[in-house]
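J.: Sequence first, predicted model second:
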Amino acid sequence: MLYTNKKTNIVSNRFGGKGDVIIKHYIDEEMINDTIVMYAEVILKPGCSLGYHQHSGNSETIVVLKGTADYCDNGTTLTLKPGDTVHCPDGDWHSIGNNVNATEDLHLQALIAKSK
């Protein structure tokens, strides 16, 4: 059995988004196999976002854990609530953010996997 050394990254203006993105990795690089790029909790404070970007060579599945998300799926805007799950396949575009008027942080679970 392997144990993980959880790490946290803070990235500013990710993919041209606003503010800081806090990424709390569930597993570290030593435990990730050839198919998983990232498995983490992502936290966005009010007004923060991940900018509109395309997935190339991988796909992403996001589960909203806490808060309300403004999600853009290939140009279509959606509001996501806790328990909602979205999937961005290889080649598609998306962005996600926490509204500037939000009263709580947005917590997401994100899994990015390489395409076959």
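T.: On my side now, so go ahead.
J.: Please pull up the helix or strand immediately following the helix or strand harbouring Thr61.
T.: Element membership of Thr61 [criterion: DSSP states H and E] is strand 58-66. Sequence-wise, the next helix or strand downstream of strand 58-66 (DSSP H and E) is strand 69-73.
J.: Can you list the residue ranges for strands in the protein?
T.: 8-12, 20-25, 36-44, 49-54, 58-66, 69-73, 76-80, 85-88, 93-97, 106-114 (DSSP state E).
J.: Using TSV, lay out the ones you listed together with mean neighbour count.
T.: (Each C-beta comes from the backbone N, C-alpha and C, glycine too.) Formatted as TSV, the strands of the chain follow (neighbours: other Cβ atoms under 10 Å):
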stretch	mean neighbour count
strand 8-12	11
strand 20-25	18
strand 36-44	19
strand 49-54	18
strand 58-66	17
strand 69-73	19
strand 76-80	12
strand 85-88	15
strand 93-97	21
strand 106-114	18
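J.: will you turn those strands into a markdown table that also has mean pLDDT?
T.: What follows is these, written out as a markdown table (pLDDT from 0 to 100):
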| stretch | mean pLDDT |
| --- | --- |
| strand 8-12 | 95 |
| strand 20-25 | 96 |
| strand 36-44 | 94 |
| strand 49-54 | 98 |
| strand 58-66 | 97 |
| strand 69-73 | 98 |
| strand 76-80 | 97 |
| strand 85-88 | 98 |
| strand 93-97 | 98 |
| strand 106-114 | 96 |
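J.: Can you get me a residue count around Lys81?
T.: For Lys81, the tally of surrounding residues (other Cβ atoms under 10 Å) stands at 10.
J.: I figured it was touching Thr68, is that so?
T.: Yes - using Cβ atoms under 8 Å, Lys81 makes contact with Thr68 at a distance of 5.9 Å.
J.: Put the alpha carbons of the strand holding Thr61 into CSV.
T.: Taking C-alpha atoms only, strand 58-66 is exported to CSV below (Å, rounded to 0.1, in the frame of the first residue of the first chain):
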residue,chain,number,x,y,z
ASN,A,58,-7.7,14.5,-21.7
SER,A,59,-11.2,14.9,-20.2
GLU,A,60,-12.4,16.3,-17.0
THR,A,61,-15.2,15.3,-14.6
ILE,A,62,-16.3,17.8,-12.0
VAL,A,63,-18.6,17.3,-9.0
VAL,A,64,-19.9,20.3,-7.1
LEU,A,65,-19.3,19.6,-3.4
LYS,A,66,-20.3,23.0,-1.9
